[in-house]
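Novice: quick one: sequence plus predicted model below, questions after.
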Amino acid sequence: MIAAAIVKQNLDKRIALAIVRLTGPRIERIVLGLVSVSAVIASFIGEHTVSAMMLPVGVALIKFTSDDRKKVKNLSILLMLSIAYGAMIAAIGTPSGGARNAIMLAYWKELFGLNLTYFQWVVAAYPIILLEIPFVAYLLYRSFSPEVKDLSPAISALRAKVEEEGKLTRQDWVTIGIFLITVVMWMTISDQIGLGITALIGVLLFMVAGVVRWEDLNNNVNWGTILVYGGAISLGIMMKQSGVAEWIAKSFLTWVEPIGIHQGVPLLAAMSLLTVVLSSFMSSGATVGMLGPITLQIASLSGTSIVQAGFVTVISTSFVYLTSVASPACNIIYGGGYLNRTDFLKAGWKLVLVSFLLLLLISAGYWRMLGI
């Protein structure tokens, strides 16, 4: 609902201009800016929303550079994947970044009586996003050398277009203000009143301020998603209570014990690889819904941290850089018509490897330092 209210304001060109004002006209810095901004926004409102919101930003920069798409093919791919991959890596940054995060929070609470606050999640998960941002920008730039290195003409045209639309309206500022208030409430009071209630307070503020109407929310929210994820959580709880999750966990540990990856970081690495493979063919929410009870039970039986196992399962679902169908962000950006399916493979395999290694580094060092 919050995402629908923000998208309704059509702030895409203003976001694009704000990015290039910070980065300057050099394309390598613009790529870093696109990855960073897409990541920060997606960490709070989800990757699919950010992809839909940022797609016109990339299109504007491409069209203001050249009317002939063939002349700036690599530039187009570079800008589009910067948005998609930036949104993908960050959806796990906060509990509100995606439904898979909420599913894991529910599993921790319902299956093991463990309550993690919004702020605790951010402290544990956000560092991997901060580490991945420069790697994503660098590897994309090296994989798709752009035909144009300086976008000064495009920036001038974009600035003129924004100036025609005038300054930010009162409603624009109200939208930004309410969103920031909601984020602050998530960080401070959501552990007392719940993440959902906090989000609904933000939605109510949007409606009272006249930013969005109920009709807008009703038409732009996929209500079936609520039932899908509610069903996934129910299925996970039943797997735990019926003993199915424990049986699968014991079978898995029996299989991996002879090769020495039945505990600690090696076990987390195996969980991550399994999650990456499954999430390449299934949605991230479905993967966490199915694997969550199993990986948590494996961790519990092996003496490995269930918090680390949960984070590894969730974070690994964002490592699906290889195809356009596994991630909502990639699916939406691919639908813009600027990418071929093979473009995802060229830089994707490098990003899978780097992301996997960074996750293991975080789990072996940072998370142990936090005591989780």
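Specialist: Okay, I see it. Numbering: from 1, shown residues only.

Novice: spatially central residue in the protein, please.
Specialist: Central residue of the chain (CA atoms, centre = their mean): residue 91, 1.9 Å from the mean position.

Novice: tell me the pLDDT at residue 309?
Specialist: Per-residue confidence at residue 309 stands at 93 (pLDDT).

Novice: for the closest residue to it other than its chain neighbours, give me its contacts.
Specialist: Leaving aside its sequence neighbours, residue 309 sits nearest to residue 299 (CB to CB, 6 or more residues apart in numbering; 3.5 Å). Glycine gets a C-beta too; all of them are placed from N, C-alpha and C. Contacts were defined as CB atoms under 8 Å, 6 or more residues apart in numbering; by that measure residue 299 touches 267, 305, 306, 308, 309.

Novice: switch to 7 Å and redo it
Specialist: Contact analysis of residue 299 by CB atoms under 7 Å, 6 or more residues apart in numbering lists 305, 306, 309.

Novice: buried ones in the helix or strand in which it is found?
Specialist: For residue 299, the host element (DSSP states H and E) is helix 284-302. For helix 284-302, a neighbour-count test (16 or more other CB atoms under 10 Å) marks 284-289, 291-300, 302 as buried.

Novice: pLDDT weak spots in the chain?
Specialist: The model of the chain has pLDDT under 70 over residues 7, 10-13, 165, 222, 224-225, 228-229, 232-233, 236, 240, 245.

Novice: now the helices: where do they sit in the stretch 151-300 of the chain?
Specialist: 152-165, 170-188, 190-193, 195-208, 214-220, 223-242, 244-256, 264-279, 284-302 (DSSP state H, counting those that start in this stretch).

Novice: residue 49 reaches residue 3, doesn't it?
Specialist: Yes - with contact taken as CB atoms under 7 Å, residue 49 and residue 3 are classed as touching, separated by 3.8 Å.

Novice: out of the two, which sits in the more crowded spot?
Specialist: Neighbours per residue, other CB atoms under 10 Å: of residue 49 and residue 3, the larger number sits with residue 49, 23 against 20.

Novice: gap between the more buried one and residue 283?
Specialist: To residue 283, residue 49 is 15 Å away according to CB to CB, to the nearest Å.

Novice: again with residue 247
Specialist: Relative to residue 283, residue 247 is positioned 25 Å away (criterion: CB to CB).

Novice: for residue 139, same thing?
Specialist: 25 Å.

Novice: and for residue 8?
Specialist: If you measure residue 8 against residue 283 using CB to CB, the figure is 25 Å.

Novice: ok, back up a step: highest neighbour count among the contacts of residue 299?
Specialist: residue 309 (25 neighbours).

Novice: who are the packing partners of the one helix or strand it maps to?
Specialist: Element membership for residue 309 (DSSP H and E) is helix 306-316. Where contact means 3 or more CB pairs under 7 Å, 6 or more residues apart in numbering; DSSP states H and E, helix 306-316 is packed against helix 99-112, helix 118-143, helix 264-279, helix 284-302, helix 343-361.

Novice: that helix to helix 284-302, inter-axis angle?
Specialist: Angle of helix 306-316 versus helix 284-302, following axes from the mean of the first three to the mean of the last three CA atoms, to 10 degrees, is 150 degrees.

Novice: show me which residues of helix 306-316 are buried.
Specialist: For helix 306-316, burial by neighbour count (16+ other CB under 10 Å) applies to 306, 307, 308, 309, 310, 311, 312, 313, 314, 315, 316.

Novice: contact partners of that helix?
Specialist: By CB under 7 Å, 6+ apart, the surrounding residues in contact with helix 306-316 are 92, 100-101, 104, 107-108, 112, 124-125, 128, 268, 271-272, 275-276, 279, 288, 291-292, 295-296, 298-300, 359, 363, 367, 372.

Novice: how about the nearest residue to residue 235, chain neighbours excluded?
Specialist: When the adjacent residues along the chain are set aside, residue 235 lies closest to residue 289, with 6.6 Å between them (CB to CB, 6+ apart).

Novice: wait, residue 48 sits on residue 327?
Specialist: No - contact between residue 48 and residue 327 fails when scored by CB under 7 Å: they sit 8.7 Å apart.

Novice: tell me which of the two has more neighbours.
Specialist: Here residue 48 and residue 327 are compared on neighbour count by other CB under 10 Å; more neighbours surround residue 327, at 30 against 19.

Novice: pull the contacting residues for that one.
Specialist: Residue 327 sits next to 47, 88, 320 when contact means CB under 7 Å, 6+ apart.

Novice: please tabulate those in TSV, including the columns distance to residue 333 and secondary structure.
Specialist: Listed next are the contacts of residue 327 as TSV, based on distance: CB to CB, whole Å; DSSP: H, G, I helix; E, B strand; the rest coil:
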residue	distance to residue 333	secondary structure
47	10	helix
88	10	helix
320	13	coil
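
Novice: now residue 135: how far from residue 195?
Specialist: Using CB to CB, one obtains 30 Å as the distance from residue 135 to residue 195.

Novice: so between these two, which is more surrounded?
Specialist: residue 195 (20 against 17).

Novice: the more buried one - nearest residue in space that isn't next to it in sequence?
Specialist: Ranked by CB to CB, 6+ apart and with sequence neighbours excluded, the top spatial neighbour of residue 195 is residue 95, at 5.6 Å.

Novice: in this structure the one you found contacts residue 103, no?
Specialist: No - in this structure residue 95 lies outside contact range of residue 103 using CB under 7 Å: 10.3 Å.

Novice: the two: who's more crowded?
Specialist: Neighbours of residue 95 and residue 103, each counted by other CB under 10 Å, are more numerous for residue 103; the result is 25 against 22.

Novice: isn't that one up against residue 289?
Specialist: Yes - Residue 103 lies in contact with residue 289 (CB under 7 Å); the separation is 5.5 Å.
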